[in-house]
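Could you look at this predicted model? Sequence included:
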Amino acid sequence: MKRWAIFFGLFIVLVIILADTRHLGALGKVYDFPGGDKVGHFVLFGLLSFVINLSVFEARPLANKKWLALTTSLIVALFVGLEEYSQRFFPVRSSDIFDFLASCAGIAFFAWLAVKLKTLNKKS
């Protein structure tokens, strides 16, 4: 799972770089419908939260999953917030609190999903 977290993290870094330089190409189609960028934030950062949380759960199998997910998700949200703020310094980007809130909602939902998945697997 750690490899998936690293791969997905690098993928998101690539998407951010492409967006900062206006080279999104086909990925830019997400902006073609109202709220598309919010859905993108929810899904992309949510999936990042999911794979990172599962990786942390594997690394710390005896730790409380809810506390691990909370801590991990807050760290992910901090980096997402810093990235959203950094958009102020790129003329082709715009920093938006609603993008950040959509990202946080995705992070929280997918962290909850990771905890539920691990809890269900533990009971089986």
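Yes, it's here.

how about the helices in the protein?
With DSSP state H as the criterion, the chain has helices at 2-20, 36-59, 65-86, 97-123.

and these as TSV, adding mean pLDDT?
Output for the helices of the chain, formatted as TSV (pLDDT from 0 to 100):
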stretch	mean pLDDT
helix 2-20	90
helix 36-59	95
helix 65-86	96
helix 97-123	93
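
tell me the most buried of these?
Neighbour counts (mean count of other CB atoms under 10 Å) averaged over each of these peak at helix 36-59, with a mean of 20. C-beta: built from backbone N, CA, C; applies to glycine.

re the thing from before, can you add distance to Lys29 and give the helices of the chain back as TSV?
Below are the helices of the chain laid out as TSV (distance: least, CB to CB, whole Å):
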stretch	distance to Lys29
helix 2-20	13
helix 36-59	8
helix 65-86	21
helix 97-123	17
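
wait, what's in contact with the nearest residue to Asp99 once chain neighbours are set aside?
Leaving aside its sequence neighbours, Asp99 sits nearest to His41 (CB to CB, 6 or more residues apart in numbering; 5.1 Å). Contacts for His41 were tallied using CB atoms under 8 Å, 6 or more residues apart in numbering; they are Asp99, Phe100, Ala102, Ser103, Gly106.

need those in JSON lines with distance to Arg93, can you?
Below are the contacts of His41 laid out as JSON lines (distance: CB to CB, whole Å):
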{"residue": "Asp99", "distance to Arg93": "10"}
{"residue": "Phe100", "distance to Arg93": "13"}
{"residue": "Ala102", "distance to Arg93": "16"}
{"residue": "Ser103", "distance to Arg93": "14"}
{"residue": "Gly106", "distance to Arg93": "19"}
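
Can you tell me how far Leu120 is from Val39?
Distance, Leu120 to Val39, by CB to CB, to the nearest Å: 26 Å.

Pick the one among the contacts of His41 closest to Leu24.
Asp99 (14.8 Å; CB to CB).

is it true that that closest one touches Lys38?
Yes: checked against CB atoms under 8 Å, the pair Asp99 and Lys38 is within contact range at 6.6 Å.

Tell me who's in contact with Leu44.
Ile12, Val15, Ser103, Gly106.
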